[in-house]
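> Okay, here's the prediction I keep looking at, along with the sequence it came from:
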Amino acid sequence: MSKLVEINFDGIIGPSHNYAGLSIGNIASSTHAGETAYPREAALQGIAKMRHNLELGLAQGFFMPLDRPNRTWLEALGTDPAHAPRNLLANAMSASSMWAANAATVSPMPDTIDGRCHLTVANLQTMPHRSHEWTGTLAQLRLAFADETRFAVHAPVPAPFGDEGAANHMRICASHDSPGVELFIYGVSGGPFPARQHIEASMAVARLNEAQSVIFAQQSEQAIAAGAFHNDVVAVANEHVLFTHEQAFENPTSFYADLRDQVPEVEIVEVPADRVSLADAIKSYLFNAQLVTLPDDAGMALILPTEAQDNQSVWDYLQELIAGNGPIRRLCPVDVRQSMANGGGPACLRLRVVADPETVDQRFIATPEKLAQMSDIIANHWPETINPNQLSNVELLNNIRVARHKLLEACGLAELDR
Ligand code: SUG
């Protein structure tokens, strides 16, 4: 019998991780532009998060880093790593596929018309460095979810309709294995910053994914302008709980009313702006937590970045939250500082797929042994540091390629090497 559980697939932080400041509207990315990055430490932080989640009794998967620099993309632009202008090379080098929440939008079996789990790969077309991720992501998802009796993997919706995947999508349901209402959060305007998720794309994804119950809600302009370039920076949902900042949505009253109408048991935990300002929410990434259901009826936990602990008003609020009688019972800070410095918290690093783990290609499912093996490869082959002014260094480019290849081979996934 099939057992549907939530599996978190984390993007392994690739050996080309660097801070080139490519994401306008992402304050962390702009703030850390030009700094030296630590790819080895970054990837080991990611592995430690996965290990932590396995130890909590959660199902865990992973995706491989993509081949960077993306030579095919540079070739289509009439150049190559040796000749590309600095800015193009930086765009080709980004390890941004680590943020698997942007890989695809997932509508699991209980939500869909044909009873299959649908995944639509995101086009990420607003940001040049992310716009060429989808080819590698599509190839990988087609491998991981190859069983067409249970999964349907769709190519991205076409430009110019921007789609950022699961970072702008949530699902509210009684339990993971029961039918849910899918929430598609789009942006219209972000003041000085782009609204990356377009409503046309959200609607197309809902159709492709055959989602039966849907609500489309607008992300607040104020939130995007304050640096919430994705909705998952200001809201997160798990089963019947929506944990959100007061200023996340443009019309919260009508959105909450729709939601309560469709799912009467929904519990909305709204954090008031006078307790945690939008600025503190974005700096601490408290909503970019993984809100998970712990096994053995232990309630829900927030797997948060340690930055949330460092912020007094955020941490005070969270202490009160778990002391109360609400559904969130436990706080688990994790150190993903290398990813955070590029605007990616614990929730950005994972794609949630509700499925029976046995129906997924086992090469993508984590075990403690595999994580240990991956840690060894990372410790031995990932560059220790990368500064963005080194990106054209031939030896570095070669090391990055070899490092990824070693990981693919160890995981039996060398066929992903193009
Ligand atoms: O798209 N940062 C990513 C962070 C994505 C976070 N994901 C979610 N919120 N789900 C982005 O802005 C920085 C790259 C650079 O500057 O080199 C970057 O792409």
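Noted; the coordinates are in hand.

> what's the distance between the strand or helix carrying residue 10 and the middle of its chain?
Secondary structure from DSSP states H and E places residue 10 in strand 5-11. Here strand 5-11 is found 10 Å from its chain centre; the criterion is Cα atoms, centre = their mean, to the nearest Å.

> as a whole number, average confidence for that strand?
With pLDDT averaged residue by residue, strand 5-11 scores 98.

> and if you look at stretch 311-327?
96.

> centre of the chain versus that stretch, how much separation?
Using Cα atoms, centre = their mean, the offset of stretch 311-327 from its chain centre is 24 Å.

> Can you list the low-confidence ranges for the stretch 301-418 of the chain?
Within the stretch 301-418 of the chain, the stretches with pLDDT under 70 are 418.

> Get me the contact residues on it for the ligand.
342, 343, 344, 348 (Cβ under 6 Å from any ligand atom). Any C-beta I mention is one placed from the backbone N, CA and C, and that applies to glycine too.

> Among those residues, which one sits closest to residue 58?
residue 348 (17.1 Å; Cβ to Cβ).

> Isn't the closest one up against residue 103?
No. Using Cβ atoms under 8 Å, residue 348 makes no contact with residue 103, being 10.6 Å away.

> All the strands of the stretch 1-150 of the chain, in order from the start?
Secondary structure of the stretch 1-150 of the chain (DSSP state E, counting those that start in this stretch): strands located at 5-11, 59-63, 104-107, 117-121.

> Would you format these as TSV with distance to the ligand and mean neighbour count included?
Shown next, in TSV, are these (distance: least, Cβ to the nearest ligand atom, whole Å; neighbours: other Cβ atoms under 10 Å):
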stretch	distance to the ligand	mean neighbour count
strand 5-11	10	23
strand 59-63	14	24
strand 104-107	12	28
strand 117-121	15	27
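
> could I get the ones you listed as CSV with distance to residue 237?
Conversion of the strands of the stretch 1-150 of the chain to CSV gives the following (distance: least, Cβ to Cβ, whole Å):
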stretch, distance to residue 237
strand 5-11, 12
strand 59-63, 18
strand 104-107, 13
strand 117-121, 18
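
> Can you pull the phi and psi angles for residue 379?
Here is the backbone geometry of residue 379 (degrees, to the nearest 10): phi -60, psi -30.

> which residues touch residue 366?
For residue 366, the contact set (Cβ atoms under 8 Å, 6 or more residues apart in numbering) comprises 50, 54, 60, 61, 62.

> mind checking how far the residue of the stretch 251-400 of the chain found nearest the ligand is from residue 162?
The stretch 251-400 of the chain approaches the ligand most closely through residue 348 (3.2 Å), counting by Cβ to the nearest ligand atom. As for residue 348, its distance to residue 162 is 17 Å (criterion: Cβ to Cβ, to the nearest Å).

> Please identify which of the two sits among more neighbours.
Neighbours were counted for residue 348 and for residue 162 using other Cβ atoms under 10 Å; residue 348 has more, 29 against 24.
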